[in-house]
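Trainee: Everything below, folded, please.
(2 chains)
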Amino acid sequence: MDNKLRIYNSLSRKKEFFEPINPPYVGLYVCGPTVYGDAHLGHARPAITFDLLYRYLKHLDYKVRYVRNITDVGHLENDADEGEDKIAKKARLEQLEPMEVVEYYTHRYHRNMEALNVLRPNIEPKASGHIIEQQLMVEEILEHGFAYEVNGSIYFDVEKYNQSHHYGKLSGRKIEELQANTRRLEGQDEKRNPFDFALWKKAAPEHIMRWPSKWSNGFPGWHLECSAMSTKYLGEQFDIHGGGMDLLFPHHECEIAQSTAAHGKESVKYWMHNNMITINGQKMGKSLGNFITLEEFFRGNHKLLDKAYSPMTVRFFILQAHYRSTVDFSNDALQAAEKGLERLLKAKNTLHQLKPGKESSLNVDELAKNCYQAMNDDLNSPVLIAHLFEAVRFIHLIKEGKETIRAKDLEQLKELYQTFVYDILGLQQEETDRSELTTELIEMILHLRLEAKKNKDFATADKIRDELTRKGIIIKDTKDGFEWEW
RNA sequence: GGUCGGUUGGCCGAGUGGCUAGGCACUGGUCUGCAAAACCACGUACGGCGGUUCGAAUCCGCCACCGACCUCCA
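Mentor: Prediction:
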């Protein structure tokens, strides 16, 4: 392929050619979930977006180290640096140990991700397991003069940092605007400026998640964990940092400031952000209370859902939109995705039944080129899918005898299909329960049905078909017999 | 209020200055005992008003509407 991968860098607001710092190695860090509740459709978006990136980078033979964290401490409920820890609150409400909450929802998150065929990252660090690293980073920032201590808590000095660096470069903000727009909140008297953020917080007496430090018994600030853990596992400078667009400010802006303040240089080369999933045009989010959990999608038990949608339908639905566009949830859209996916996946069976001919009326090289071009253009999965549907159409036409393909091209087409549909898009056939039926049994029943048809006993034939359909077996009558699949 | 982004045919959703994206749905047809599947045919869409251009949905300006971020959020 002569064209190369380009990705949109939020920092430059442009598509840039992807050039790793130390090829063939690629360091990828993505902000993972705060595990205080079930994952919803919104959580599936970054997971699938960066799964697509991870899969594609690996396909391009990069040696990728993919780190995605689990936030289990420090993520406060409310206004910056005040309020209760999300995990601790849940624990209090459920009368559980905070770590029980963390383990419970981490497990469920993994289960959902597995259902969506999202590959596990290489490293999945937890914030609570990296308190020492975070404390060391606080010390570095203090030593460099970009933080101050008040009453056992350490805050990042944004104004000081801004004198020598640009705080706001990622989100396109100016400190004066922040000054003008930041609301003055109660209980923030400790901070020199309202936009300063906590690196370490002294724990209030009722705060159960706390660790000793030279400053106080306390806990780390939310923004710090990603900086500390990405540094630990990917180094002071690494290639790609991803996450949802809503994290751009302040979370990622703070990460840049922290890393730069600690190490004297910026840590991330490419920032990538996936857009939001909306519901009736509004962002789907926990704080808005309009979210549908993945579990609810898979089971269909939510008042907004007409029916259950399989994990692969959800995955395909997300991949049908470009990751930087918002995508609006609706039953119609999900159902359209469901049918489209079925068509795409079923074509595989047809593809493997094809007989090669003397000539090819399809240019497989051209198709492959188009697929790579789509992916290279900032992971344009919707365009890739459009090309794959062109292939599907062609596959059907070959079967109908209206087009032909050479043996060599047929092999290439099979390989292409496997690569893009299964390996890169990560789509897979749904598992169905086949425990009570065997191939032999089904064949036997279908032959009985054929007998019935020959005897014009259509009532029996239809009854058999209905029963088997109920078991998830699809029957297609042909001129001289039948085909079936499950 | 500030910053940024969006507005594409019934629904979803790509996109480039001139060459039908794609999916789903609908309708008609082929096939079929009937279906299903598949195939064929079919839709001249790009928020509004100006401007640039031989030519704009695609570039520029203004307006309208919607959204995101500015507080935790994937």
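Trainee: drop to CA atoms for contacts and neighbour counts, all remaining ones
Mentor: Noted.
Trainee: From A:L53, how far out is the closest residue to A:C371 other than its chain neighbours?
Mentor: Among residues not flanking A:C371 along the chain, A:L384 sits closest, at 5.3 Å (C-alpha to C-alpha, 6 or more residues apart in numbering). Going from A:L384 to A:L53 by C-alpha to C-alpha, to the nearest Å gives 14 Å.
Trainee: which of those two has more neighbours?
Mentor: Neighbour totals were compared for A:L384 and A:L53, and A:L384 leads with 24 against 19 (other C-alpha atoms under 10 Å).
Trainee: Touching, the more buried one and A:L367? I think so.
Mentor: No: A:L384 sits out of contact with A:L367 when judged by C-alpha atoms under 8 Å, with a separation of 10.0 Å.
Trainee: Can you name the residues that contact A:E236?
Mentor: Neighbouring residues of A:E236 by C-alpha atoms under 8 Å, 6 or more residues apart in numbering: A:S230, A:S259, A:H263, A:S267.
Trainee: where does A:L96 fall, phi/psi-wise?
Mentor: phi -120, psi 160 (degrees, to the nearest 10).
Trainee: Can you check the pLDDT for it?
Mentor: For A:L96, the pLDDT comes out at 90.
Trainee: now swap in A:M1 and tell me
Mentor: For A:M1, pLDDT reads 41.
Trainee: do stretch A:337-346 and RNA strand B meet?
Mentor: Yes: contact of stretch A:337-346 with RNA strand B (C-alpha under 7 Å from any atom of the strand) involves A:A337, A:K339, A:G340, A:L341, A:R343.
Trainee: Go ahead and name everything in contact with that stretch.
Mentor: A:Y309, A:T313, A:F316, A:F317, A:Q320, A:L388, A:F389, A:V392, A:Q428, A:Q429.
Trainee: how about 6 Å then?
Mentor: Contacts to stretch A:337-346, defined as C-alpha atoms under 6 Å, 6 or more residues apart in numbering, come from residues A:T313, A:F317.
Trainee: if we can go back for a sec, just the element for the residue nearest to A:C371, please.
Mentor: helix A:381-399 (DSSP states H and E).
Trainee: Any quick ChimeraX command for the buried ones out of the residues of stretch A:337-346 next to RNA strand B?
Mentor: Of those, the buried ones can be selected in ChimeraX as follows, counting by 16 or more other C-alpha atoms under 10 Å:
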select /A:337,340,341
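Trainee: Which of the residues of stretch A:337-346 next to RNA strand B fall in helices?
Mentor: Residues of the residues of stretch A:337-346 next to RNA strand B located in helices (DSSP state H): A:A337, A:K339, A:G340, A:L341, A:R343.
Trainee: which among those gets closest to RNA strand B?
Mentor: Using C-alpha to the nearest atom of the strand, A:G340 comes nearest to RNA strand B of these, at 3.5 Å.
Trainee: my guess is A:W484 is in a helix, correct?
Mentor: No: applying DSSP: H, G, I helix; E, B strand; the rest coil, one finds A:W484 to be strand, outside a helix.
Trainee: For it, which residues are in contact?
Mentor: A:W484 neighbours (C-alpha under 6 Å, 6+ apart): A:I474, A:I475, A:K476.
Trainee: Out of these, which is nearest to RNA strand B?
Mentor: Out of the contacts of A:W484, the member with the shortest distance to RNA strand B (by C-alpha to the nearest atom of the strand) is A:K476, at 3.6 Å.
Trainee: List the backbone torsions phi and psi for the closest one.
Mentor: According to degrees, to the nearest 10, A:K476 has phi -120, psi 120.
Trainee: wouldn't it be in contact with A:E483 here?
Mentor: Yes: the pair A:K476 and A:E483 passes the contact test of C-alpha atoms under 6 Å, sitting 5.1 Å apart.
Trainee: still on that earlier bit, state the mean pLDDT of the helix holding A:L384.
Mentor: Mean predicted lDDT for helix A:381-399 stands at 92.
Trainee: Tell me the gap between it and the middle of its chain.
Mentor: 25 Å (C-alpha atoms, centre = their mean, to the nearest Å).
Trainee: Packing partners of that helix?
Mentor: For helix A:381-399, the packing partners by 3 or more C-alpha pairs under 6 Å, 6 or more residues apart in numbering; DSSP states H and E come out as helix A:364-376.
Trainee: Just confirm A:M99 is within a helix.
Mentor: Yes: using three-state DSSP, the assignment for A:M99 is a helix.
Trainee: residue of chain A with the smallest distance to RNA strand B?
Mentor: Closest point on chain A to RNA strand B, by C-alpha to the nearest atom of the strand, is A:G244, at 2.9 Å.
Trainee: if we can go back for a sec, mind listing what's buried in the helix or strand just after the helix holding A:L384?
Mentor: Following helix A:381-399 in sequence order, the next helix or strand is helix A:407-417 (DSSP H and E). Within helix A:407-417, the residues that count as buried by 16+ other C-alpha under 10 Å are A:A407, A:D409, A:L410, A:E411, A:L413, A:L416, A:Y417.
Trainee: would you turn these into JSON lines with distance to RNA strand B and pLDDT?
Mentor: Below are the buried residues of helix A:407-417 laid out as JSON lines (distance: C-alpha to the nearest atom of the strand, whole Å; pLDDT from 0 to 100):
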{"residue": "A:A407", "distance to RNA strand B": "21", "pLDDT": "92"}
{"residue": "A:D409", "distance to RNA strand B": "19", "pLDDT": "93"}
{"residue": "A:L410", "distance to RNA strand B": "17", "pLDDT": "93"}
{"residue": "A:E411", "distance to RNA strand B": "20", "pLDDT": "93"}
{"residue": "A:L413", "distance to RNA strand B": "16", "pLDDT": "93"}
{"residue": "A:L416", "distance to RNA strand B": "17", "pLDDT": "93"}
{"residue": "A:Y417", "distance to RNA strand B": "15", "pLDDT": "92"}
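Trainee: That's all I had, so thanks and see you.
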